[in-house]
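# requesting a structural model of the entry that follows:
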Amino acid sequence: MGHLRGPCSSCAAGSRGGVAIPGVSVNLSVRHLRQPSLLRSILQALEATEMQPSALTLELTEIDVMRDIENVLPTLWALKKAGIRIALDDFGTGFSSVSYLTRMPVDTLKIDRVFVSNMENDIAQLKVVRSIIALAGALDLQIIGEGVERTEEMHMLQKLGCQDLQGYLFSKPMTAAQLERWMTENHIMPGRGWPGRDDSRLLDAFALALAPAVCWNEHTTRSCAAWAMGHS
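Okay, the predicted model is just below:
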């Protein structure tokens, strides 16, 4: 888990430099969850970088978690009890049951981009997206639409009730230095809207290295860094 200090350090460095990045997302695999030292390593990284546990979101793909759900549940709950947020990435591809979702300490569902890109021309895909959004609302979970590349997709998701959007429509992945420069040049700070836009605001998550790009939210403004560790 040595890779974790990189994004946490970048987040802390940005804050010290006047670029407000209140959170960081890290992609994990079930292989990481099986490591007995996972929680200790994460807490050590947070302490070393002076980040609050609530500022860290761990992202796992739904299909990866569902392969070994019973064995990883205790670790997920230990992370949650430590104050760390959990997100299910590529949601809709792993056949999670509602009963499992109610047992998992999940904070966020991220709609897989396959559904987002096809929902305009495929009524079945549209129904899936609508159902996922409704499910997240019923369970009081944050919902993010991934892979948004066109304005039409953005407006359709917002109309369906998904206000948090992520994809190349907003930005391609950036390095930490590019992110800080981009935020400074565009005056992007929490509480401020996106320059020249009235319909959406910046939310979660910027990319550091390989991770997803910018997200929008219609109601709030929170910038968040993201870091990919891979799903191997």
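
# direction included, what does the helix or strand containing Ile144 pair up with?
In this structure, Ile144 sits in strand 142-145 according to DSSP states H and E. For strand 142-145, the paired strands and their directions (DSSP bridges) are strand 108-111 (parallel), strand 164-166 (parallel).

# outside of it, which residues touch it?
In this structure, residues lying in contact with strand 142-145 by C-beta atoms under 8 Å, 6 or more residues apart in numbering are 87, 107-111, 116, 129, 132-133, 136-137, 153, 157, 161-162, 164-167, 204, 215. Where you see a C-beta, it was placed from the backbone N, CA and C, and this is true even at glycine.

# show me what the helix or strand hosting Ile42 is packed against.
In this structure, Ile42 sits in helix 38-49 according to DSSP H and E. Contact here means 3 or more C-beta pairs under 8 Å, 6 or more residues apart in numbering; DSSP states H and E; on that basis helix 38-49 packs against helix 5-16, helix 69-81.

# hey, least reliable of those by pLDDT?
Between the helices and strands packed on helix 38-49, the one with the least mean pLDDT is helix 5-16; it has a mean of 59.

# so for the helix or strand that that one is followed by, mean pLDDT?
Downstream of helix 5-16, the next assigned helix or strand under DSSP H and E is strand 24-27. Predicted confidence along strand 24-27 averages 83 (mean pLDDT).

# so what are the sheet partners of strand 24-27 and their directions?
For strand 24-27, the paired strands and their directions (DSSP bridges) read strand 56-61 (parallel), strand 225-227 (parallel).

# ok, back up a step: please pick the buried ones from the contacts of strand 142-145.
Members of those that pass the buried threshold by neighbour count (16 or more other C-beta atoms under 10 Å) are listed as 87, 107-111, 116, 129, 132-133, 136, 153, 157, 162, 164-167, 204, 215.

# the lengthiest helix in the chain - contacts with which helices or strands?
Of all segments of type helix in the chain, defined using DSSP state H, the longest is helix 123-138. In terms of contacts (3+ C-beta pairs under 8 Å, 6+ apart), helix 123-138 is packed against strand 108-111, helix 113-118, strand 142-145, helix 151-160.

# of those, which is nearest Leu179?
Ranking the helices and strands packed on helix 123-138 by their distance to Leu179 (criterion: C-beta to C-beta) puts strand 142-145 first, at 18.4 Å.

# the strands paired with strand 142-145: lowest mean pLDDT?
For the strands paired with strand 142-145, where the average pLDDT is lowest is strand 164-166, sitting at a mean of 86.

# next, count neighbours for Leu56.
Per other C-beta atoms under 10 Å, the neighbour tally for Leu56 reads 25.

# contacts only, for it.
With C-beta under 8 Å, 6+ apart, Leu56 has these contacts: Cys8, Gly23, Val24, Ser25, Val26, Ile42, Leu46, Ile84, Arg85.

# name the nearest of those residues relative to Pro53.
The closest of those to Pro53 turns out to be Ile84 (C-beta to C-beta; 4.9 Å).
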